[in-house]
Structure formats: C-alpha cells, structure tokens
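**Student:** Quick one: sequence plus predicted model below, questions after.
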Amino acid sequence: MTLPKIPTPLAGLQTSLANVILDHLTGHKLWVMPTGLTAQLHIGDPGPDQTNNLSAVLDKQIILFEDALGGMIDVAAPAPVWMMSAIEVLTHISIWDNIGTPLWSTLLDFPQPVVPNDSYTLEQCILSFNNLTLVSMSVMLGRVNA
C-alpha cells in the first residue's frame with residue numbers, strides 16, 4: 001500500500017511534532033506535553049533542524065502561550081525580550097521544547113532590522129489551524145469477504 005504524499009500545513013513544522021499530534025488525536029499514544037517552550041531568532045531560513053542562520057543573539061527566550069480559542073493560539077505575557085548585539089536583519093523565529101527539540105519555525109510578518117543594544121519583544125506569535133480543516137486524508141477499504 002502506497003500512501004499519497006501529504007503537504008506540510010505549516011512551513012517548518014517538524015515531522016516529529018506532527019507524528020506526536022497525530023498519534024495523540026487517534027488514541028495511539030498519549031502526548032506528553034513539554035514543560036516549557038523557548039523561541040530562537042534567525043536571520044534566514046532556519047532549515048530542517050532549525051539551527052541554520054541563527055541571530056547573533058544565541059539565547060533562546062522562554063515563550064508562553066494563551067489558551068487556544070477558535071483554532072488559534074497566541075503568545076502570552078510576559079512576552080520574550082531579546083537584547084540585540086549586532087547589526088542584522090531578523091527574518092524567522094523557531095520554537096523549541098524545554099529539552100531542545102525543535103518544534104516549528106516560521107517567517108516574521110516582515111523583516112526586522114536591528115542594531116546593538118536595542119531590545120525587541122515578541123508581540124505576536126499566532127499558531128492556527130487553517131479553517132480547522134484536515135490538510136489531507138487518505139482512506140482505503142479492503143474487502144474482508146470474497
């Protein structure tokens with residue numbers, strides 16, 4: 001049996017996270033939630049392991065999220081703050097669990113030029129399901145009685 005290729009609903013969503021969510025939703029395995037999340041800044045595409053194009057500010061900041069509502073979730077207070085140490089242009093952010101496993105990454109809404117000694121706060125980081133629809137599903141039946 002060959003399953004169709006399923007498109008990635010969120011650029012940068014790690015396959016390991018997608019597998020955990022699917023296992024949990026189908027009752028296969030219970031998802032053990034991370035006890036904390038952190039955010040990392042990038043100056044370009046973070047790549048598949050989210051370690052490419054790191055900002056000069058290497059510290060990941062703790063990030064908290066509000067309760068989900070309407071299929072969406074956003075950053076909660078206190079928002080992460082970074083003190084910049086170089087002249088660069090931030091383009092992406094990556095989210096990690098507390099043990100250092102990358103979860104997802106995404107583009108900033110617009111590139112953010114930064115200079116040393118400026119501080120930047122993550123004002124918004126919305127994660128949502130697109131119209132609460134499943135991106136793809138393949139259903140196949142096999143005949144039991146001949």
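**Tutor:** Received the coordinates, thanks.
**Student:** Who are the packing partners of the strand or helix carrying residue 38?
**Tutor:** Element membership of residue 38, judged by DSSP states H and E, is strand 37-42. When contacts are defined as 3 or more Cβ pairs under 8 Å, 6 or more residues apart in numbering; DSSP states H and E, strand 37-42 sits against strand 61-63, strand 88-97. C-betas here are computed from N, CA, C, even on glycine.
**Student:** So for residue 112, which of those strands sits nearest?
**Tutor:** Comparison of these against residue 112 by Cβ to Cβ identifies strand 88-97 as nearest, at 4.4 Å.
**Student:** Next SSE downstream of the longest strand seen in the chain?
**Tutor:** Among the elements of the chain assigned as strand by DSSP state E, the one spanning the most residues is strand 102-114. Proceeding N to C from strand 102-114, the next assigned helix or strand is strand 119-121, under DSSP H and E.
**Student:** Each with direction, which strands does that next one pair with?
**Tutor:** strand 81-83 (antiparallel) (DSSP bridges).
**Student:** The partner strand: which residues count as buried?
**Tutor:** Neighbour-count burial for strand 81-83, counted by 16 or more other Cβ atoms under 10 Å, picks out residue 82.
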